[in-house]
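A.B. asks: Next come a sequence and a model predicted from it.
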Amino acid sequence: MDIRYSANQRDFKRYTTEEIRQEFLIENLYREDEVVAVYSHVDRMVTLGCMPVNETVSIDKGIDCWKNFGTHYFLERREIGVFNIGGPGEITADETSYPMGFEDCLYVTMKTQKVTFKSNNPQKPAKFYMVSAPAHKPCKTTFISIADANKRPVGSSETSNKRVINQFIHPDVLETCQLSMGLTCLNSGSVWNTMPAHTHERRMEVYTYFNIPKGNVVFHMMGEGKETRHIVMQNEQAVISPSWSIHAGCGTTNYHFIWAMGGENKAFDDMDEIPIQEMR
Ligand SMILES: O=C(O)C(=O)C[C@H](O)C(=O)CO
Ligand SMILES: [Zn+2]
């Protein structure tokens, strides 16, 4: 498994472009019939991708659970949120199967012993994007469609940031141990997310950008508010944001992204906003 040890904000100031990318950027998440996993020591969050094509793929394929987690199976002491950003597919969690369309989400509780992924059509495979956090008690495995998500329309077309924050794995929708996840959709003509930017010292966050049309990119902003850097991100890549880092982006077009958080609390509005004019 790709393991990322945490970086601090003082050393980060001296990182080169390449060092920033090696530390925080997650590429190539979707390899045919594989599970790709990146373990971050920031709040011990694991980011995964699975693109089943010809096989039914188990969540622990290629992962040594005992070596990496000291457990007998992946979700023995973890919970996970899964979004499908590809063609139609299915997830089976122990004995129950969940059909998964584009942008559907499944929260799978701790203590689920078997989780498998498959695609309905190998020509249009499902792409399961997942973030897993350590958990302390079982909750309820829950399917959440975009219609079930809590909707927060924000921004405006005048400031090029009109978008809807869809809160899927959120205290108003279902109970979890520490995981929160959602999907933000930018309107056509809007390119900025999360500006004014914020940090939340109490939680880390992982973003994955998708639905970026060919030939376009998102400039993802990170670092402390007064010492910002950027990572140029391609479609379907993810980026780790430690608690000290802002996480905002500006695309060359509109796009969708999934955010995932874990840490001390699940209070979505617990954010330390940084006035734009104070940013450097
Ligand atoms: O578009 C946005 O703004 C977001 O989606 C922000 C994230 O939800 C976030 O950073 C939550 O802390
Ligand atoms: Zn945030």
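C.D. replies: Nice, I can see it. Ligands and ions are numbered 1, 2, ... in the order given.
A.B. asks: for this protein, what spans make up the helices?
C.D. replies: For the chain, the helices defined by DSSP state H occupy 9-12, 17-24, 65-69.
A.B. asks: Pull the distance from the second one to the chain's centre.
C.D. replies: With CA atoms, centre = their mean, to the nearest Å as the basis, the distance from the averaged C-alpha position of helix 17-24 to the chain average is 18 Å.
A.B. asks: Kindly report the same for stretch 182-201.
C.D. replies: Centre to centre, stretch against its chain (CA atoms, centre = their mean), the figure for stretch 182-201 is 14 Å.
A.B. asks: again, but for stretch 164-182
C.D. replies: Counting by CA atoms, centre = their mean, stretch 164-182 comes out at 12 Å from the chain centroid.
A.B. asks: For the stretch 1-150 of the chain, which residue gets nearest to ligand 1?
C.D. replies: Going by CB to the nearest ligand atom, ligand 1 is nearest to N150 of the stretch 1-150 of the chain, at 11.6 Å. In this view, the C-beta of every residue, glycine as well, is placed from N, C-alpha and C.
A.B. asks: so what's S119 up against?
C.D. replies: 51-53, 86-89, 125-126 (CB atoms under 8 Å, 6 or more residues apart in numbering).
A.B. asks: And the pLDDT for it?
C.D. replies: pLDDT for S119: 98.
A.B. asks: Is it bridged to anything, and to what?
C.D. replies: S119 has these beta-bridge partners by DSSP bridges: G89.
A.B. asks: and the stretch 151-280 of the chain, which residues reach ligand 1?
C.D. replies: Residues of the stretch 151-280 of the chain lying close to ligand 1 by CB under 6 Å from any ligand atom are 163, 165, 182, 184, 193-194, 200, 205, 247, 259, 271.
A.B. asks: most surrounded residue in those?
C.D. replies: Neighbour tally across those (other CB atoms under 10 Å): the maximum, 28 neighbours, falls on N193.
A.B. asks: Contacts only, for that residue.
C.D. replies: 161, 163, 184, 186, 248-250, 257.
A.B. asks: Tell me where the stretch 1-150 of the chain has strands.
C.D. replies: Counting by DSSP state E, counting those that start in this stretch, the stretch 1-150 of the chain has strands at residues 2-4, 25-26, 35-40, 46-50, 57-58, 78-84, 89-93, 96-100, 105-108, 115-119, 128-134, 142-144, 150-154.
A.B. asks: could you say what helices and strands the third one packs with?
C.D. replies: Using 3 or more CB pairs under 8 Å, 6 or more residues apart in numbering; DSSP states H and E as the contact criterion, the neighbours of strand 35-40 among helices and strands are strand 2-4, strand 46-50, strand 238-241.
A.B. asks: mind running it again at 10 Å?
C.D. replies: Using 3 or more CB pairs under 10 Å, 6 or more residues apart in numbering; DSSP states H and E, the elements in contact with strand 35-40 are strand 2-4, strand 25-26, strand 46-50, helix 65-69, strand 128-134, strand 203-210, strand 238-241.
A.B. asks: Show me what that strand pairs with in its sheet, parallel or antiparallel.
C.D. replies: In the sheet, strand 35-40 lines up against strand 2-4 (parallel), strand 46-50 (antiparallel) (DSSP bridges).
A.B. asks: what about it, distance to the chain center?
C.D. replies: Put simply, strand 35-40 sits 12 Å off its chain's centre (CA atoms, centre = their mean).
A.B. asks: re the thing from before, so the residue of the stretch 1-150 of the chain closest to ligand 1 sits right up against V173, yeah?
C.D. replies: Yes - between N150 and V173 a contact is recorded at 5.7 Å, counting by CB atoms under 10 Å.
A.B. asks: Look at the two and report which has more neighbours.
C.D. replies: Neighbours of N150 and V173, each counted by other CB under 10 Å, are more numerous for V173; the result is 19 against 15.
A.B. asks: For Q277, see how far away the more buried one is.
C.D. replies: Between V173 and Q277 the computed distance is 35 Å (CB to CB, to the nearest Å).
A.B. asks: tell me the contacts of F69?
C.D. replies: 1, 39, 44, 46, 60, 63, 75-78, 132, 134 (CB atoms under 10 Å, 6 or more residues apart in numbering).
A.B. asks: Of those, select the buried ones using a ChimeraX command.
C.D. replies: Buried subset of the contacts of F69, written as a ChimeraX selection, criterion 16 or more other CB atoms under 10 Å:
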select :39,46,60,63,75,77,78,132,134
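A.B. asks: Thanks again, I'm all set now.
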